[in-house]
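Asker: Coordinates for the following, if possible.
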Amino acid sequence: MIGVCLANAAGAAALAGNAFTLAWTHSIEKVRWEERWRVEAAALVLEAVRVRGFGAGMEPPAEAVLRDGVWEWRPGSRHAVMRLTRSGYTADYEWCTGEAAEGGEPACVPLSAILPADGGVTELRPCTIASPPAPGPAPAIP
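Answerer: Purely as a prediction, here's the structure:
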């Protein structure tokens, strides 16, 4: 089963699934960013970016389209490893999975609910997660 492995000095976690969204609020501009990622065998693929505004150092690229106040674009870039800097001075990233309910957002939790921040860098990589063994017959009771 394909998934994402996360690791930092505080520990490690493996999450099954082939798609997720990372969301966060820019620490200075207070603008929400959402990046939708797809997991492939050897890469994390950045499928789409949504930004609810922009400011210094975070201008949308030329191919971005403004829809209902949100800039959207599709980078398609591939990454073997993604590094997230996490700080106690800003809100943590949100890990979002599943499809959004009609008119709503996907289910999100703070990344710290999955892997505590260590004040440094958390690495994300595509990985293979062992499937649990299939249930077999119940053992005989003597």
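
Asker: from here on, contacts and neighbour counts on C-alpha atoms
Answerer: Noted.

Asker: Without its sequence neighbours, what residue ends up closest to residue 21?
Answerer: When the adjacent residues along the chain are set aside, residue 21 lies closest to residue 36, with 4.3 Å between them (Cα to Cα, 6 or more residues apart in numbering).

Asker: you'd agree that neighbour is up against residue 47?
Answerer: Yes: taking contacts as Cα atoms under 8 Å, residue 36 lies within contact range of residue 47: 5.6 Å.

Asker: hmm, back to that, in contact with the residue nearest to residue 21, which residues?
Answerer: Neighbour list for residue 36: 19, 20, 21, 22, 46, 47, 48, 49 [criterion: Cα atoms under 8 Å, 6 or more residues apart in numbering].

Asker: which residue sits closest to the first one, ignoring its sequence neighbours?
Answerer: The shortest distance from residue 19 to any residue that is not its chain neighbour, by Cα to Cα, 6+ apart, is 4.4 Å, and that residue is residue 38.

Asker: contacting residues around the one you found?
Answerer: 18, 19, 20, 44, 45, 46, 47.

Asker: Show me the beta-bridge partners of the residue nearest to residue 21.
Answerer: Residue 36 has these beta-bridge partners by DSSP bridges: residue 21, residue 48.

Asker: Please renumber the chain so that the first residue is 218 from this point on.
Answerer: In the new count, where the first residue is 218, that last one comes out as residue 253.

Asker: in terms of contact, does residue 337 touch residue 300 like I think?
Answerer: No: using Cα under 8 Å as the test, residue 337 is too far from residue 300 to be in contact (9.8 Å).
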